[in-house]
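Enquirer: following is a predicted model, sequence given first.
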Amino acid sequence: MFRSIVMVKQVPDTANISGSVMKEDGTVNRSKLPAIFNNEDRVALEFALQVKDKFGGTVTAITMGPQRASDILRECLYMGADSVYLISDRKFAGADTLATSYVLSEAIKKTGEYDLVFAGRQAIDGDTAQVGPQTAEKLNLPQVTYVEEILEMTDTHAKIRRKIDGGYEIVKAKFPFLLTVLKDAAEPRPFSAKRVMAYKGAKSLMDLEKLTEGNSLLYTDTLRHEYEEKNLFIPTLTMDELKLDADRCGIKGSPTKVHKVDSVILGGGNHIMVEPTREGLEKLIDQLLADHIFG
Amino acid sequence: MPNYFTDNSDIQFHFKNFDSEQVREVISLFEENYTESLHYNFAPVSFEDAMENYRAVLEVVGDLSANFIEPRAAGVDELGAVFVDGKVSYAEGTKKNLQQLAQADLMGMILPRKYGGLNFPFFIYMVAVEMVSRADASLMNLFGLQDIADTIRKFGGEELAEEFLPKFSTGEFTGAMALTEPDAGSDLQAVKLSAYQNEKGEWFLRGVKRFITNGNGEVLLVLARSESGSKDGRGLSLFVCYGDETVKVRRIEHKLGIHGSPTCELQFNDTPCKLVGTRRMGLIKYVLDLMFRARAGVSAQALGISQAAYEEALKYAKEREQFGKPIINLPVVANILMDMRVTLESNRSLLYSTAIMVDLKEKLEEVIENLKKEGKPFAETNARLKNVTRLANLLTPMAKYIVTEASNKITYDALQIHGGTGYMREFKVERLARDARITNIYEGTSQLQIVAAASGVFSDVLVDFIAKKEAKSYDSGLTRLQNFLKDIRIIFNECVKYVLDKKDPVFQDVAAKDLVELYSYLYVGYLLLDEAEKDSRKRFIANRFIINSLSHAKRNAESIKDELFSDILHSHEILI
């Protein structure tokens, strides 16, 4: 029986980018982009669900994000997560990886004891691959990154294959620990029809606030009570609830400053014909060394 | 990410218009007072919630179909199911497809919740079958076999349902319907496979079945001769058995299409089995009942293939340049595509309305059963059921005939639009043409569908439907089309009278094809006319369909009245 926590993120669909998505300060204008479930996080969830299928236990998914991030939490429920948390507060906006991992680690502590924390290797918007490792540090957990497969699990430890340059290594980790998984490590399962029907109406506090906006007949607290009764409330953690240090959250807690964003276009320049002979290859290698591509 | 549900504007149109009185009635019969929501967190609490459920689940099917099943379909076709050392195994892609469909809880869509199913109406299931077939027609032969489980429930009683259904729902069991034999194809009355009892009264099966789709399945529904010495359909009963070691797969067929679906020859060697329902009712009641859904299922398969073929042709016509422009800009090509599209949409209207009628029939039957049990009067419901059954009896074979023949035409045209390229194995369209070819053969050939539909045509079961539509006032643009349909009605009446007056059963048999077609023009024409009232684009569809129908109707009428078929009596002189 393992209690797993999966960190998931809603990301802009970078495959479908249209104009005006970058703000002047160099951060992303998320409202201009269609939002999707970060692929590697979905794989992380699949990993956690497979652990549950084999060994029993529970899977909890958490995400930090704005109101609409509850979309992917519902998707987590559709895939099989037992519970989900939305961590959301206007004061979290503009967070870099340091501020994000601070909030996430505090939220994970708040949800109780755990054996495993899963995350995707990286998100397709920032591509930093830092949030997983930083969260592990703040939770004082061992971390195994670039995971391809869990080979073995006992009550005390797991044997894991992780990718390294030019191959793989097999490591043993003691519970609790954090792992980040690669895109091809597992194929996420489809949504379960029954769970889709059961949880399609699940709502976070922010979703409910949005419902009550401009409708004086509705009260968030009453709605919340109703949704809790129906088991359709997505627990929502704010900065106050987590008792966080405001200076370490959001843009305030983020030392990363984007100086400038340039759109780099890789122009196709001249190309050189390499003869498929020994001399030809030698010439190519010399050229690559001269250009500091090799060496 | 593409999605075969949300991206298909015509399915979306229908889904939006499922809010009809008839659909509301069907759903309220499926979800009696929505009481199951007390026990199942996924059961709906209202009509709106039920529709939301269907929408959400069809979206899952649309996603699975477009992004997982379709990309594997070429590989499934290439490898096919194989037979090694007496064992059948599915292609890798098929295995993966079945696993994902099971993970998504989609293998028991139409089964009651207490057996692990979703309790969906049949017409919603048909939308799912269509999308799965669009992705991979051969997968329909596995996904589309949920009726087998439902037949066990419907006629076999609680005990058999509890034994078999839950594992159908989880996908652990797939089924097969073992009807056909070497000498009993279209003529199922000739079935020989024998069912016998030992002294304890337990049943066993002995004999051979042929052309059994998924005959390697875990559960087989077998039509067998339980009354030794009997010769016709009244000596046949229905049995259910496991596909255990006593059921030997002798071979699988090498087919033109649907390679992913294994077609088996089975030998039953004293296979233990259980009787489903009552003796002697196998063919005359249970199989005939199963046929309503099986025929609609194959029509949905054909419709899915048609959709896929149309999409391929449209895409190719937009990309392929000849004479300095994309070929879609050539009027002759655009015209073929428009015919394909109009046929596709009219087929969908016919199929969905047929499926809703089948739902209504099944549910009214249940209502009457319950009224009988409670000792309440049921004459009124029974009168309605009779009417609905007559309609379903006409519509299911008519839909199967029209939709599956159309699928062959649409895939043929799609290949034609591709030119020489379409003839090559690299392009998907040749697979679609091969896959479509079986749909107007199995579950009853087109010729049998015509026979099945003919009695409803001759007795004019749509008389009230048509009268109501003729009396309805459409807006001025549509009145013209309504008048054309009224013309077709006159032509139809004249033809029926002409044929009946001849009192010649041979002539009647041959002319039936033209009459069934004529009747379908009327039914579908009015469906499209009603759709055109709701959506201005649909006016184009109704327009082309109805004008085309009128010209076909005239031709059908001429061939009948000009005695085209009189020479049938001389067939032995012509066919040398």
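Expert: On my side now, so go ahead.
Enquirer: can you pull the contacts of the residue nearest the centre of chain B?
Expert: Central residue of chain B (C-alpha atoms, centre = their mean): residue B:296, 2.1 Å from the mean position. For residue B:296, the contact set (C-beta atoms under 8 Å, 6 or more residues apart in numbering or on different chains) comprises B:122, B:126, B:351, B:354-355, B:358, B:396, B:399-400. For every residue, glycine as well, the C-beta is placed using N, CA and C.
Enquirer: ok, now residue B:365?
Expert: Counting by C-beta under 8 Å, 6+ apart, residue B:365 makes contact with residue B:385.
Enquirer: what about residue A:62, how many neighbours?
Expert: 24 (other C-beta atoms under 10 Å in any protein chain shown).
Enquirer: sorry, back to before: among the contacts of residue B:296, which are in helices?
Expert: Taking DSSP state H as the definition of helices, the contacts of residue B:296 contribute B:122, B:126, B:351, B:354-355, B:358, B:396, B:399-400.
Enquirer: out of these, flag the one nearest to residue B:212.
Expert: residue B:400 (19.9 Å; C-beta to C-beta).
Enquirer: count of neighbours near that closest one?
Expert: Using other C-beta under 10 Å, the number of residues around residue B:400 comes to 31.
Enquirer: any idea how far it lies from residue B:394?
Expert: Computed as C-beta to C-beta, to the nearest Å, the residue B:400 to residue B:394 distance reads 11 Å.
Enquirer: state the distance from the nearest residue to residue A:239 once chain neighbours are set aside to residue A:244.
Expert: Computed as C-beta to C-beta, 6 or more residues apart in numbering or on different chains, the closest residue to residue A:239 that is not its neighbour in sequence is residue A:89, at 4.3 Å. The gap separating residue A:89 from residue A:244 is 9 Å, by C-beta to C-beta.
Enquirer: hey, where'd the helices end up in the stretch 101-250 of chain A?
Expert: Listed in chain order, the helices of the stretch 101-250 of chain A (DSSP state H, counting those that start in this stretch) span A:131-138, A:193-199, A:205-212, A:220-229, A:239-242.
Enquirer: hmm, residue B:323 is touching residue B:333, no?
Expert: No. Using C-beta atoms under 8 Å as the test, residue B:323 is too far from residue B:333 to be in contact (11.1 Å).
Enquirer: what about those two, which has more around it?
Expert: Shown here are residue B:323 and residue B:333; by other C-beta under 10 Å, residue B:333 has more neighbours (19 against 8).
Enquirer: look up phi and psi at that one.
Expert: Main-chain torsions, residue B:333, degrees, to the nearest 10: phi -70, psi -50.
Enquirer: do you know the pLDDT at it?
Expert: With respect to pLDDT, residue B:333 has a value of 97.
Enquirer: ok, now which ones touch residue A:156?
Expert: For residue A:156, the contact set (C-beta under 8 Å, 6+ apart) comprises A:174-175.
Enquirer: next, count neighbours for residue B:231.
Expert: 10.
Enquirer: now do the strands in the chain.
Expert: Using chain A here. Secondary structure of chain A (DSSP state E): strands located at A:2-7, A:10-12, A:35-37, A:57-64, A:83-87, A:116-120, A:143-153, A:157-164, A:167-174, A:177-181, A:203-204, A:233-234, A:236-237.
Enquirer: should've been chain B
Expert: B:82-84, B:87-89, B:175-178, B:194-197, B:203-213, B:219-225, B:236-242, B:247-252, B:263-276, B:321-322, B:325-326.
Enquirer: circling back: now for the strands of chain A, which one comes closest to chain B?
Expert: strand A:35-37 (8.5 Å; C-beta to the nearest C-beta).
Enquirer: give me the contact list for that closest one.
Expert: Residues from elsewhere that reach strand A:35-37, judged by C-beta under 8 Å, 6+ apart: A:8, A:10-13, A:68-69, A:71-72, A:75.
Enquirer: equivalent analysis for stretch B:465-477, please.
Expert: So stretch B:465-477 is contacted by B:391, B:479, B:481-482, B:485-486, B:489, B:522-523, B:526, B:529-530, B:533, B:539 (C-beta under 8 Å, 6+ apart).
Enquirer: narrow those to those that are buried.
Expert: B:391, B:481-482, B:485, B:489, B:522-523, B:526, B:529-530, B:539 (16 or more other C-beta atoms under 10 Å in any protein chain shown).
Enquirer: adding distance to residue B:187, write those out as JSON lines.
Expert: Below are the buried ones among the contacts of stretch B:465-477 laid out as JSON lines (distance: C-beta to C-beta, whole Å):
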{"residue": "B:391", "distance to residue B:187": "27"}
{"residue": "B:481", "distance to residue B:187": "42"}
{"residue": "B:482", "distance to residue B:187": "42"}
{"residue": "B:485", "distance to residue B:187": "37"}
{"residue": "B:489", "distance to residue B:187": "35"}
{"residue": "B:522", "distance to residue B:187": "31"}
{"residue": "B:523", "distance to residue B:187": "29"}
{"residue": "B:526", "distance to residue B:187": "35"}
{"residue": "B:529", "distance to residue B:187": "39"}
{"residue": "B:530", "distance to residue B:187": "39"}
{"residue": "B:539", "distance to residue B:187": "45"}
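Enquirer: among those residues, which are in helices?
Expert: Using DSSP H, these in helices are B:391, B:481-482, B:485, B:489, B:522-523, B:526, B:529-530, B:539.
Enquirer: what is the nearest of those to residue B:245?
Expert: Closest to residue B:245 out of these is residue B:391 (45.3 Å), distances taken as C-beta to C-beta.
Enquirer: so who does that closest one touch?
Expert: Residue B:391 sits next to B:357, B:456, B:461-462, B:465 when contact means C-beta under 8 Å, 6+ apart.
Enquirer: could you do residue A:70 as well?
Expert: A:86, A:202-204, A:206-207, A:234.
Enquirer: and stretch B:322-342, what's buried?
Expert: Judged by neighbour count (16+ other C-beta under 10 Å), stretch B:322-342 contains these buried residues: B:327-328, B:333, B:336-337, B:339-342.
Enquirer: whichever residue of the stretch 151-300 of chain B sits closest to chain A: how many residues sit nearby?
Expert: Per C-beta to the nearest C-beta, residue B:169 is where the stretch 151-300 of chain B lies closest to chain A, at 10.1 Å. By other C-beta under 10 Å, the residues close to residue B:169 number 24.
Enquirer: what's the answer for the one 3 residues further on, then?
Expert: Burial of residue B:172 is recorded as 12 neighbouring residues (other C-beta under 10 Å).
Enquirer: give me the number of residues near residue B:37?
Expert: Per other C-beta under 10 Å, the neighbour tally for residue B:37 reads 16.
Enquirer: my read: the residue nearest to residue A:239 touches residue A:206, true?
Expert: No. Counting by C-beta under 8 Å, residue A:89 stays clear of residue A:206, with 9.5 Å between them.
Enquirer: wait, what's in contact with residue B:354?
Expert: Residues near residue B:354 by C-beta under 8 Å, 6+ apart: B:296, B:299, B:392, B:395-396, B:398-399.
Enquirer: quick check, nearest of these to chain A?
Expert: Using C-beta to the nearest C-beta, the contacts of residue B:354 come closest to chain A at residue B:296, 21.0 Å.
Enquirer: of the contacts of residue B:391, keep whichever come out buried.
Expert: Here, 16+ other C-beta under 10 Å leaves B:357, B:456, B:461-462 buried among these.
Enquirer: mind checking which of the residues you listed land in helices?
Expert: Cross-referencing these against helices under DSSP H gives B:357, B:456.
Enquirer: among the buried ones among the contacts of residue B:391, which are in reach of chain A?
Expert: When contact is defined as C-beta under 8 Å from any C-beta of the partner chain, the buried ones among the contacts of residue B:391 do not meet chain A at all.
Enquirer: and chain A, which residues reach chain B?
Expert: Selection of chain A residues close to chain B by C-beta under 8 Å from any C-beta yields A:189-198, A:200, A:231.
Enquirer: contacts only, for the closest residue to residue B:270 other than its chain neighbours.
Expert: Closest residue to residue B:270 apart from its sequence neighbours, by C-beta to C-beta, 6+ apart: residue B:204 at 4.8 Å. For residue B:204, the contact set (C-beta under 8 Å, 6+ apart) comprises B:195-198, B:270-273.
Enquirer: try 7 Å this time
Expert: Neighbouring residues of residue B:204 by C-beta atoms under 7 Å, 6 or more residues apart in numbering or on different chains: B:196, B:198, B:270-273.
Enquirer: nothing else from me, thank you.
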